[in-house]
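Trainee: Generate a structure from the sequence data that follows.
(chains A and B)
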Amino acid sequence: MRLLRLYPRSWRDRYGAELQSLFEARPPRLADRLDLIRGAFDAHRHPELVADPRTLSHRLSEDDVVVTRRLGVAGIAGAAAWAVTWFVVSTSPLVHEPGGSYRDGSRALPILLLAGVLLVAALCGQLVMLPRSARLARAGAVIAIPGILLWTLVPWFAWTAAAAVLGLGLLAYGAWFARAWPWQASTALLLMAAAEPFIAYAGATGGPVGPQITPVLALFILVPLVAWLTVGGTLFAVRSDDSTGLA
Amino acid sequence: MTGLNDDMRELGRFAEPSLYILVALGEGPKHGYAIMTDVEDFTGQPLGPGTLYGALARLEKRGFIEALEPEERRRPYRLTALGATTLRVQLQGLAGFARLGLSRLGGAS
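Mentor: Numbering: from 1, shown residues only, chains lettered A, B, ... in the order given. Here you go, the predicted model:
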């Protein structure tokens, strides 16, 4: 029965033989085939319904919980580092040039790097925590990690930020789709990923960047805080009865 | 379906099929095909295989039913004590709703 291939492997392993047996007893009609397609979509939406020891059900030990929550704290601390980065930039010396004046924020780069490393630590925690079935979310984290590291090293290359934002957006959507995160966390991170490119574009096309904190710059600083707080917060909320992507 | 309590309502579109499955298993263990034909007999409506196994997975996850050892490729399911209690509560709720409706109908005629 080809339609069974639409179902996740764990689902086929658990119910495939029973369904085949059922179809031998009563060959599926058109309505049954449509119902199977709808059921396959539901099975992908709810991988937790079929506990697969290779992919999902692995209770966290107390040590796992401690490590995971520490990575969550690292993510939340990254939010503070990001805020400090911009405080340092805003108090940096003014540089006057013929085209206008700006603040030399180069001394904030190490703090920006620290903020990026802390977010990457939390993303590594997500890779451990997310179930194997949450492939899209895991792919998003894998894309975001190098994107964030490169962006904190060379923030003037916009494509690094684009990769980071794309990865975080995929992580948020994939974690929601796999029901690994509460919808509020996924929505917050998705909104961040959707809004930040527009905010950056508005800032880049709004004329030369001056020394003052404009509303657009304030949004550019405040909105990404969601990334650190969400990625870190969802790890910090882990309990010992949660399952993990480790198998 | 009005009259269902939260245990079933939280199953969303699987609430009604789940109730039918619990009723089908009320008389003893059955495998998927037997559940499907029994439900079709007493509701007059076919139960699709995707819906059947979506509901079975939810009921098993909640501990209302349990899978027995497979007989060839057919795996029978049976009600657990929790499932029997839940079914009884659901049916009593529906019976109360039916009594209410019938008494109002009687008063109107």
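
Trainee: I'd like to know the phi and psi angles of the residue of chain B found nearest chain A, please.
Mentor: Nearest residue of chain B to chain A: residue B:50, at 2.2 Å (C-beta to the nearest C-beta). Quick note: C-beta positions are derived from backbone N, CA and C, even for glycine. Dihedral angles of residue B:50 (phi, psi; degrees, to the nearest 10) stand at phi -70, psi -40.

Trainee: what helix or strand is the residue of chain A found nearest chain B on?
Mentor: Among all residues of chain A, residue A:39 sits closest to chain B, at 2.2 Å; criterion: C-beta to the nearest C-beta. Secondary structure from DSSP states H and E places residue A:39 in helix A:30-45.

Trainee: again with residue B:59
Mentor: Applying DSSP H and E, one finds residue B:59 within helix B:49-61.

Trainee: Disregarding residues adjacent in the polypeptide, which is nearest to the residue of chain B closest to chain A?
Mentor: Of all residues not flanking residue B:50 in the chain, residue A:39 sits nearest, at 2.2 Å (C-beta to C-beta, 6 or more residues apart in numbering or on different chains).

Trainee: now residue B:22
Mentor: Closest to residue B:22 by C-beta to C-beta, 6+ apart is residue B:87, at 4.3 Å.

Trainee: same deal with residue B:57?
Mentor: residue A:49 (4.2 Å).

Trainee: What residues does chain A have near chain B?
Mentor: Contact residues, chain A versus chain B (C-beta under 8 Å from any C-beta of the partner chain): A:14-15, A:17-23, A:25-26, A:28, A:31-32, A:34-40, A:42-43, A:46, A:48-50.

Trainee: what's the first-to-last distance across stretch B:73-84?
Mentor: When the termini of stretch B:73-84 are compared using C-alpha to C-alpha, to the nearest Å, they are 26 Å apart.

Trainee: So what touches it?
Mentor: A:17-18, A:20-21, B:22, B:25-26, B:28-33, B:35, B:56, B:59-60, B:62-69, B:87 (C-beta atoms under 8 Å, 6 or more residues apart in numbering or on different chains).

Trainee: if you set the cut-off to 6 Å instead, what comes out?
Mentor: Under the contact criterion C-beta atoms under 6 Å, 6 or more residues apart in numbering or on different chains, stretch B:73-84 has outside partners A:17-18, A:21, B:25, B:29, B:31, B:63-68.

Trainee: again, but for stretch A:110-129
Mentor: Contacts of stretch A:110-129 (C-beta under 6 Å, 6+ apart): A:68, A:71, A:74-75, A:77-78, A:81-82, A:84-85, A:141, A:144-145, A:148-149, A:152, A:228, A:231-232, A:235, A:244.

Trainee: Sort out which residues of that stretch are buried, please.
Mentor: The neighbour-count check on stretch A:110-129 (16 or more other C-beta atoms under 10 Å in any protein chain shown) flags A:111-123, A:125-127, A:129 as buried.

Trainee: and the spatially closest residue to residue A:154 that is not a sequence neighbour, helix, strand or coil?
Mentor: Once flanking residues are discounted, residue A:154 sits nearest to residue A:160: 6.4 Å by C-beta to C-beta, 6+ apart. Following DSSP: H, G, I helix; E, B strand; the rest coil, the label given to residue A:160 is helix.

Trainee: Residue B:61 and residue B:33: what is the separation?
Mentor: 22 Å (C-beta to C-beta, to the nearest Å).

Trainee: higher neighbour count, those two?
Mentor: residue B:33 (19 against 14; other C-beta atoms under 10 Å in any protein chain shown).

Trainee: Mind listing what's buried along the one helix or strand that one maps to?
Mentor: Secondary structure from DSSP H and E places residue B:33 in helix B:32-43. By neighbour count with 16+ other C-beta under 10 Å, helix B:32-43 contains the buried residues B:32-36, B:38-39.

Trainee: Equivalent analysis for stretch A:146-165, please.
Mentor: For stretch A:146-165, by 16+ other C-beta under 10 Å, it's A:147-152, A:155, A:160-161, A:163-165.

Trainee: Strands of chain B, residue ranges please.
Mentor: In chain B, the segments counted as strands under DSSP state E are B:65-67, B:77-79.

Trainee: Report how many residues lie close to residue 10.
Mentor: Picked chain A for this. 21.

Trainee: my question was about chain B
Mentor: Counted with other C-beta under 10 Å, residue B:10 comes out at 12.

Trainee: which phi and psi does it have?
Mentor: The phi/psi pair for residue B:10 (degrees, to the nearest 10) is phi -70, psi -10.

Trainee: quick one: the strands in chain A?
Mentor: Counting by DSSP E, one finds strands in chain A at the ranges A:94-97, A:100-103.

Trainee: What helices and strands are in contact with the last one?
Mentor: Meaning strand A:100-103. strand A:94-97 (3 or more C-beta pairs under 6 Å, 6 or more residues apart in numbering or on different chains; DSSP states H and E).

Trainee: elements contacting the strand it packs on?
Mentor: Using 3+ C-beta pairs under 6 Å, 6+ apart: strand A:94-97 touches strand A:100-103.

Trainee: Quick check: neighbours of the strand it packs on in the sheet, parallel or antiparallel?
Mentor: strand A:94-97 (antiparallel) (DSSP bridges).
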